[in-house]
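Student: just coords:
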């Protein structure tokens, strides 16, 4: 039986939240972090720094936004695609997404059915002839009525998005949320795209990615928002258990939910991590799987940006605060970019730890976060 503190230590070790600069410094740290985590989610909300930058800053103290641009646009060591959401993914893993590009693109938007072949051909031909472009570069579209909530009124934008999900185009650069699209073969310098991984290889990839970034895994945590793969992943787990490559473990409070670890991972459960302070994005890999977060940390995070203001309890864009191996607070933050300051809209304490010493340390971390955002 693994106790809850032991399980948390394993997960924090896997997430590299238990040491000051686990990926080193400089631009190379960004590539290393994304390769270890498997993906870093992208989100449009800009109340404070966008989540992909915050997730990297949390693990790379000297992180700069240009480091991510260098990885995407110059080194081309990361690319954008869909995991459980839009994310930065290591380019070394691209072949595991080729099947989705061929087969699963229809599930990403109901608006793709309205894309006409001539619109798709025209957009691809224009990029092939004139080079990479953004949607702002297309000024000759005739606007049409939306037939889907997330659809664009520009037919060319839908065509760009469709070609992106099909893997024919890649986001070669991003400025805020403005994306530049380029032909995938020209961006990566391919003569031929990498061959698609088999379904069995994709299942192994998902399991290995989860073991690396989560330490202790369940079917839900491996197949987050991908329930159709659970039966096949379970068979793969059972095969590894028979070969003694994985161990089944009972987790305190988990009831009938099964968990597994690699044998050498259990060493991480022994020692408590240093009392580092981390302000966590609600899209951080430690937070995004809400049921798992509650099971391990006893904290139920509610993302209230989509909750009516009168019904919010913790605030519009609340950030869990991790100190050591405990979530001790949830702080609603907002950046006032005109005045150059980070605003604490609401401070909520979690748990029963003494607050006076914690508050000073959290405030110091908030000042560092403020300097990062406004640099």
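Tutor: That came in fine, so what should we check first? Remember, predicted model here, so these are calculated numbers, not experimental data.
Student: Name the single longest strand found in the protein.
Tutor: Assignment by DSSP state E gives strand 326-336 as the longest strand of the chain.
Student: strands paired with it, and their directions?
Tutor: When pairing is defined by DSSP bridges, strand 326-336 lines up against strand 318-323 (antiparallel), strand 341-349 (antiparallel).
Student: Run the chain-centre distance for that strand.
Tutor: Here strand 326-336 is found 19 Å from its chain centre; the criterion is C-alpha atoms, centre = their mean, to the nearest Å.
Student: Please apply the same query to stretch 166-186.
Tutor: 18 Å.
Student: mind checking which helix or strand residue 89 is in?
Tutor: Element membership for residue 89, per DSSP states H and E: strand 86-90.
Student: Please apply the same query to residue 361.
Tutor: Assigned by DSSP H and E, residue 361 falls in helix 355-374.
Student: quick one, that helix and strand 318-323 angle?
Tutor: Interaxial angle, helix 355-374 versus strand 318-323 (axes from the mean of the first three to the mean of the last three C-alpha atoms, to 10 degrees): 120 degrees.
Student: What is helix 355-374 packed up against?
Tutor: With contacts taken as 3 or more C-beta pairs under 8 Å, 6 or more residues apart in numbering; DSSP states H and E, helix 355-374 sits against strand 277-279, strand 318-323, strand 326-336, strand 341-349. Using the backbone N, CA and C atoms, a C-beta is placed for each residue, glycine as well.
Student: Just checking: what are the partner strands of the strand holding residue 89?
Tutor: As assigned by DSSP bridges, strand 86-90 forms pairs with strand 40-41 (antiparallel), strand 78-82 (antiparallel).
Student: which residue packs closest to residue 60, ignoring adjacent ones?
Tutor: Distances taken as C-beta to C-beta, 6 or more residues apart in numbering put residue 29 closest to residue 60, at 4.6 Å, once the chain neighbours are dropped.
Student: let me fix that: residue 168
Tutor: In space, residue 168 is closest to residue 184, 6.2 Å off (C-beta to C-beta, 6+ apart).
Student: Next up, the contacts around that neighbour.
Tutor: Residues in contact with residue 184 (C-beta atoms under 8 Å, 6 or more residues apart in numbering) are 167-170, 190, 193.
Student: now the helices for the stretch 101-250 of the chain?
Tutor: 117-130, 155-165, 184-188, 199-214, 219-222, 230-242 (DSSP state H, counting those that start in this stretch).
Student: Can you list the neighbours in contact with the fifth one?
Tutor: When contacts are defined by C-beta under 8 Å, 6+ apart, helix 219-222 is touched by residues 206-207, 210, 214, 230, 233-234, 237, 257-258, 289, 291-292.
Student: Can I have the buried ones of those residues as a PyMOL selection?
Tutor: Applying 16 or more other C-beta atoms under 10 Å to the contacts of helix 219-222, the buried members can be selected in PyMOL as follows:
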select buried, resi 206+207+210+214+233+237+289+292
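Student: Where does pLDDT dip in this structure?
Tutor: 105-111, 113, 140-154 (pLDDT under 70).
Student: Outline the domain layout of it.
Tutor: When the chain is parsed with automatic domain parsing, its domains come out as 96-141+148-188, 277-374.
Student: now the ones you listed in JSON lines, with distance to residue 15?
Tutor: As requested, these are exported to JSON lines (distance: least, C-beta to C-beta, whole Å):
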{"stretch": "domain 96-141+148-188", "distance to residue 15": "21"}
{"stretch": "domain 277-374", "distance to residue 15": "5"}
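Student: among those, which is nearest residue 82?
Tutor: Among those, domain 96-141+148-188 comes nearest to residue 82, with 6.2 Å by C-beta to C-beta.
Student: What separates the first and last residues of the closest one, distance-wise?
Tutor: 16 Å (C-alpha to C-alpha, to the nearest Å).
Student: Same question for stretch 217-234.
Tutor: First-to-last residue span, stretch 217-234, C-alpha to C-alpha: 11 Å.
Student: Which parts of it count as buried, going by neighbours?
Tutor: 217-224, 229, 233.
Student: Of the residues you listed, which is the nearest to residue 297?
Tutor: Nearest to residue 297 among those, with distances taken as C-beta to C-beta, is residue 221, at 14.0 Å.
Student: where's that closest one relative to residue 340, distance?
Tutor: 39 Å (C-beta to C-beta, to the nearest Å).
Student: tell me, what residue is most central in the chain?
Tutor: Centroid-nearest residue in the chain: residue 41, 2.5 Å away (criterion: C-alpha atoms, centre = their mean).
Student: what residues are up against that one?
Tutor: 51-52, 55, 83, 85-87, 283, 285, 288 are the contacts of residue 41 under C-beta under 8 Å, 6+ apart.
Student: Return the members of those residues classed as buried.
Tutor: 51-52, 55, 83, 86-87, 283, 285, 288.
Student: Turn these into a markdown table, columns for secondary structure and distance to residue 9.
Tutor: Shown next, in a markdown table, are the buried ones among the contacts of residue 41 (DSSP: H, G, I helix; E, B strand; the rest coil; distance: C-beta to C-beta, whole Å):
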| residue | secondary structure | distance to residue 9 |
| --- | --- | --- |
| 51 | helix | 25 |
| 52 | helix | 26 |
| 55 | helix | 21 |
| 83 | coil | 25 |
| 86 | strand | 31 |
| 87 | strand | 26 |
| 283 | coil | 23 |
| 285 | coil | 16 |
| 288 | coil | 20 |
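Student: Can you say which two of these are spatially most distant?
Tutor: Across the buried ones among the contacts of residue 41 (C-beta to C-beta), the longest gap, 14.6 Å, separates 86 and 285.
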